[in-house]
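Asker: Starting from these lines, generate the structure:
(one chain, ligands or ions: 1)
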Amino acid sequence: MSATQDNKQQDTNGKVAVVTGASSGIGEATAKALAAAGFRVVLGARRVERLEAVAEEIRAAGGQAGVVKLDVTSDADVAALAAAEPRVDVLVNNAGGAKGMESIEGAVEEKWRWMYEVNVLGTLRVTRALLPALKAAQGIVLTVGSIAGRQVYVGGAGYNAAKHGERALVEVLRQEVAADGIRVTEIDPGRVHTDFSLVRFDGDEAKAAAVYDGVESLTAGDIADIIVFAATLPHRVNIDFLQVTPIDQVGGAKPKK
Ligand SMILES: NC(=O)c1ccc[n+]([C@@H]2O[C@H](COP(=O)([O-])OP(=O)(O)OC[C@H]3O[C@@H](n4cnc5c(N)ncnc54)[C@H](OP(=O)(O)O)[C@@H]3O)[C@@H](O)[C@H]2O)c1
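Answerer: Numbers count the residues shown, from 1 in each chain. The predicted model follows:
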């Protein structure tokens, strides 16, 4: 018998995956990939019409998808999600992002608060609310952190602080719920071409495009595939974290432009 013979991916039949921030980018791609892998997916974000369009695409491809209006900064929205979904096998904490690139001298507190609210407290709220269901299902919590939660850069302090904070939450969570049989994994991407920079620069398309100009970026689908892989590993296998960058960003190297 081969040593890897029992290493097959988990059966997803009847299992439920909740994805926050599923209206664009990594979350959208992850919802589609989890549905293609057999999960019934629950898509959450503020822009419900975009969620409906993604869910429609999933159903057209033969998958199962439901939509929930979810602002992760709203206790009421999070409570409604938990009430509507008594079964949760996979939680993907993906909702998040950055606002601005001001230096610390020019820091805008409102932007720092937004980043902390969404990336840290948003992840806390949704995770806490779904933990009873995740315990019952012996599920997995996958959080989309960032290399910004491991390295710092000039102009990044607010986002660096938020993603470092989110990572601290995830690392404590892993220790607290392992005994309940819940796996906890963080995926830390480098540069991924999504609406991330458009949001960061308040809709300034030229500034956002410059981030990806002349360099190689990951696609949202690259991260989605990794999330599906980690989610469907046998229950005994816990990946603590995976740092994933485009080849020209390896080791924090400055890309050649
Ligand atoms: N792109 C990158 O280079 C990169 C690198 C490392 C990590 N990340 C992380 O990856 C995650 C996804 O970002 P992305 O790159 O896919 O960017 P994106 O395309 O801008 O997606 C961000 C998602 O977060 C959702 N969101 C924002 N605020 C929310 C709130 N209050 N409640 C619920 N959902 C909210 C957005 O949906 P609504 O606006 O509809 O609510 C959207 O679906 C983020 O956590 C980001 O920090 C991105």
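
Asker: what about the stretch 51-200 of the chain, any weak spots by pLDDT?
Answerer: For the stretch 51-200 of the chain, no stretch has pLDDT under 70.

Asker: residues from the chain in reach of the ligand?
Answerer: 20-21, 23-27, 45-47, 70-73, 94-97, 118, 122, 144, 146, 189, 191-192, 194-196, 199, 220 (Cβ under 6 Å from any ligand atom). Bear in mind the C-beta positions are built from the backbone N, C-alpha and C, glycine included.

Asker: Among the residues you listed, which ones are in helices?
Answerer: 25, 26, 27, 122, 196, 199, 220 (DSSP state H).

Asker: Now for the residues you listed: which two are most distant?
Answerer: For these, the farthest-apart pair by Cβ to Cβ is 122 and 220; their separation is 19.0 Å.

Asker: are any of the residues of the chain next to the ligand buried, and which?
Answerer: For the residues of the chain next to the ligand, a neighbour count by 16 or more other Cβ atoms under 10 Å gives the buried set as 20-21, 23-27, 45-46, 70-72, 94-97, 118, 122, 144, 146, 189, 191-192, 194, 196, 199, 220.

Asker: Go ahead and confirm residue 70 touches residue 48.
Answerer: No. Counting by Cβ atoms under 8 Å, residue 70 does not reach residue 48; the two are 9.0 Å apart.

Asker: Which residue, neighbours along the chain excluded, lies closest to residue 121?
Answerer: residue 73 (7.0 Å; Cβ to Cβ, 6 or more residues apart in numbering).

Asker: What residues does residue 81 make contact with?
Answerer: 18, 42, 44, 68, 70, 126, 129, 130 (Cβ atoms under 8 Å, 6 or more residues apart in numbering).

Asker: The residue lying closest to the fifth one once chain neighbours are set aside - how many residues pack around it?
Answerer: Distance criterion Cβ to Cβ, 6+ apart; nearest residue to residue 70, sequence neighbours excluded, is residue 44 at 3.2 Å. A count of nearby residues for residue 44, using other Cβ atoms under 10 Å, gives 29.

Asker: Okay, and the beta partners of residue 44?
Answerer: residue 20, residue 68 (DSSP bridges).
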